[in-house]
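Novice: Next come a sequence and a model predicted from it.
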Amino acid sequence: MEHGRGAGAVLIQVVAETGSTNADLAASSGGEGDWLRAERQLAGRGRQGRAWASPVGNLYASTIVRPRVSDPAAPTLTLVAAVALHDAVSVMFDPASPFLRAGEQPEERQGGLAIKWPNDLLLNGAKLSGILLERAGDVVIAGFGVNVAHHPDLPDRPTTSLAAHGVAVAPATLLDILAESFARWLATWRGHGLEPVRAAWLDRAHPVGTALCVHQPDGSRVDGLFDGLDDAGALLLRLAGGERQVIHAADVFLL
């Protein structure tokens, strides 16, 4: 195991291989803000227990949050994580970015970067990353998987990677940027409440009116138009008849 320092005073621990960075941190006695990054995962997981392809070259990292009594509801950390990751990846496409290959058009790429509820990051409509938040006793583990060099072929949705869009960045470098971004947005959430995070999430999401397909936990499907978030961060779906449905848990796809 190798230990290193990144993003100010944040501790980032790096391992060559592990089953799951989320599971490892959940079993640890680490402090808030500690990170664990693996070069490769053998049992990476996404939402609802799905396997997450984890070859060498992508970013697999998790961090610890210790919720306080005065914090907003812990499940809204999913919005914090999504905004933080969006901001970190946006750095890759800045016009002055040192990570872009010559000849790439950063404005076009950056304009295609959007959050899909609750926390998937899409690039030109294709899935670039996933985030998994899990409760472990009195802590929340936030796990991030970003397709940096590779992306899997999935039967139910398009996927992409940073490399496919002209970005050459080491996972360790991306994590340094992400750790700083996450700490900043966590402080905003903790110090100013959910509303500024919710507003930032909406500013970085696909537009209101985007057509969505929602697969609910009971197996039913609902189609509608994205209509924002409620005050607690739940998805608002505008149905064909004009009524609005509040979605608290579901798989969401672009139509």
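Specialist: Received the coordinates, thanks. In this text the structure is predicted, and so the values were computed from the model without any measurement.
Novice: got the phi/psi numbers for the nearest residue to Leu229 once chain neighbours are set aside?
Specialist: Excluding its sequence neighbours, the residue lying closest to Leu229 (C-beta to C-beta, 6 or more residues apart in numbering) is Arg198, at 5.8 Å. To be clear about C-beta, it is placed using only N, CA and C from the backbone, and glycine gets the same treatment. When quoted as degrees, to the nearest 10, the phi and psi of Arg198 stand at phi -60, psi -40.
Novice: For the strand ranked longest in the chain, which outside residues touch it?
Specialist: Across the chain, the longest stretch assigned as strand under DSSP state E is strand 126-136. Around strand 126-136, the neighbours that count as contacts under C-beta atoms under 8 Å, 6 or more residues apart in numbering are 22, 25-27, 45-47, 52, 74-75, 77-78, 81-82, 85, 89, 113, 119-122, 140-147, 151, 154, 157-162.
Novice: What subset of those is buried?
Specialist: The neighbour-count criterion (16 or more other C-beta atoms under 10 Å) marks 22, 25-26, 45, 47, 52, 75, 77-78, 81-82, 85, 89, 113, 119-122, 140-147, 151, 159-162 among these as buried.
Novice: So which of the residues you listed are in helices?
Specialist: 22, 25-26, 77-78, 81-82, 85, 89 (DSSP state H).
Novice: Now flag whichever of these is closest to Phe253.
Specialist: Distances from Phe253 to those, taken as C-beta to C-beta, are shortest for Ala82 (16.6 Å).
Novice: From Pro98, how far out is the closest one?
Specialist: Here the criterion is C-beta to C-beta, to the nearest Å. By it, Ala82 lies 25 Å from Pro98.
Novice: which element is Asp94 on?
Specialist: Using DSSP states H and E, Asp94 maps to neither a helix nor a strand.
Novice: Can you tell me how far it is from Ala38?
Specialist: As for Asp94, its distance to Ala38 is 27 Å (criterion: C-beta to C-beta).
Novice: Looking at those two, which one has more neighbours?
Specialist: Neighbour totals were compared for Asp94 and Ala38, and Ala38 leads with 25 against 13 (other C-beta atoms under 10 Å).
Novice: tell me which element that one falls in.
Specialist: When the helices and strands are read off by DSSP H and E, the one containing Ala38 is strand 35-41.
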